[in-house]
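Trainee: sequence plus the predicted model coming up.
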Amino acid sequence: MFTFPARLRGARVLQGAAAFLVVLGLLLWWLLPIGKPTPSGSVVFSTGVNSGVYERYGKMLKDDLGRDLPEVSVTLRSSEGSQENIARVASGEAQFTIATADAVAKYQMDGKPGAERLRGCARLYDDYVQLVTAKDKKIGSVADLAGLRVGVGQERSGVRLLADRILTATGIDPLKGITPVSSGIDTMPVQLERGELDAFFWSGGLPTSTVQKLAGRFSISLVPLTPSLIAQLHDTGGASARYYRSAAMPADAYGEAQGNKAVRTIAVANLLVTTDRVSEELVKGFTRTVIKSRDRIGEKVHPAQLVDLRTAIYTDPLPLHDGAQQYYQSVKP
């Protein structure tokens, strides 16, 4: 009986073992995930008041997230604005939100729960303070608001924080120097139109559709907030007031309501906020969608057009989340 030499038998054994390992490797590749897992699960995105820019942005971003992160279920939750949004994310009630840099800084400086866990994903676009009044009221400056009925935003909004600071910097007690009305952008325009308010503060991207619609049916004017007010804010608003800068609403933001002229005002950056509890892969995917969706969302929510990859990494006062940093490094030219 013929038998293979021992050397040949050994070679065949090695070949068989190699073939087995190849098959095993293919099975493992098919059955087991390779590399980092795809983000999955449920997250809450805290937005803002009805008809506000945060809410409209959140609704459109949710559609894009559904396509880019199909295994992640996103629930939108309305809020009064920045201050409530930050508290929700810091406490774990929400995983993502949008908030103004000044409100974030104040939350940190006040030492509120979870402040040390907050992280930034992206700098989005600037909010512009808009002091809106009926044209026949002849209000030409913040000082003219003394004794009047003024919409100051809801209690936990970024608008309220700004309105109180602007009034204080001008020498008006925000509680006693005016009749403060705690309302949001969903109700203040109608209140002004009905004569229930003499003016209202709003802080949002340009143009804000609710203000734009009001200007189309009612005669309003935009009160200028002069550059000298910035210095006063820095003096009275504490360290977090350093996030305010002088800016101008372009002439075409609200057209006739501005006399077709640029109006001086105050701007503050909006940040996409999360915490260190959220996984790197999820934050990386979320940030990627925010940047990729700029043009599509910007067609309907104009401030989104200003999201810029070159400036998105500047999330001061928040450290950049590791997942967001990984995304920016992956697209670095």
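Mentor: Thanks, I have the structure now. Residues are numbered from 1 along each chain as shown.

Trainee: leaving out the residues flanking it, which one is nearest to residue 178?
Mentor: residue 150 (4.7 Å; Cβ to Cβ, 6 or more residues apart in numbering). Placement of C-beta: from N, CA and C, glycine included.

Trainee: after the helix or strand hosting that neighbour comes which helix or strand?
Mentor: Assigned by DSSP states H and E, residue 150 belongs to strand 149-151. As assigned by DSSP H and E, the chain's next helix or strand after strand 149-151 is helix 158-170.

Trainee: quick one: contacts of that next one?
Mentor: 81-83, 99-100, 102-103, 106, 127, 129, 142-143, 145, 150, 152-154, 173-174, 177-178, 182, 184-185, 201-203, 225, 229, 232-233, 235-237, 241, 266, 268 (Cβ atoms under 8 Å, 6 or more residues apart in numbering).

Trainee: helices or strands next to the very next helix or strand once past that helix in the packing?
Mentor: Next along the chain after helix 158-170, taking DSSP H and E as the criterion, comes strand 179-181. For strand 179-181, the helices and strands in contact under the criterion 3 or more Cβ pairs under 8 Å, 6 or more residues apart in numbering; DSSP states H and E are strand 149-151.

Trainee: what is the mean pLDDT for the strand it packs on?
Mentor: Averaging pLDDT along strand 149-151 yields 98.

Trainee: who does that strand pair up with?
Mentor: strand 179-181 (parallel), strand 199-204 (parallel) (DSSP bridges).

Trainee: of those, flag the one that's most buried.
Mentor: Among the strands paired with strand 149-151, ranked by average contacts under mean count of other Cβ atoms under 10 Å, first place goes to strand 199-204 (a mean of 27).

Trainee: can you pull up the bridge partners for residue 220?
Mentor: Bridge pairing for residue 220 - DSSP bridges - gives residue 134.

Trainee: how many neighbours does it have?
Mentor: Here the number of neighbours of residue 220 (other Cβ atoms under 10 Å) works out to 24.

Trainee: show me what contacts it?
Mentor: 132, 133, 134, 135, 192, 211, 214, 254, 257.

Trainee: distance between the ends of stretch 40-53?
Mentor: Using Cα to Cα, to the nearest Å, the end-to-end distance of stretch 40-53 comes to 27 Å.

Trainee: mean confidence for it?
Mentor: 92.

Trainee: circling back to that earlier point, wait, the residue nearest to residue 178 touches residue 179, no?
Mentor: Yes: using Cβ atoms under 8 Å, residue 150 is in contact with residue 179, at 6.9 Å.
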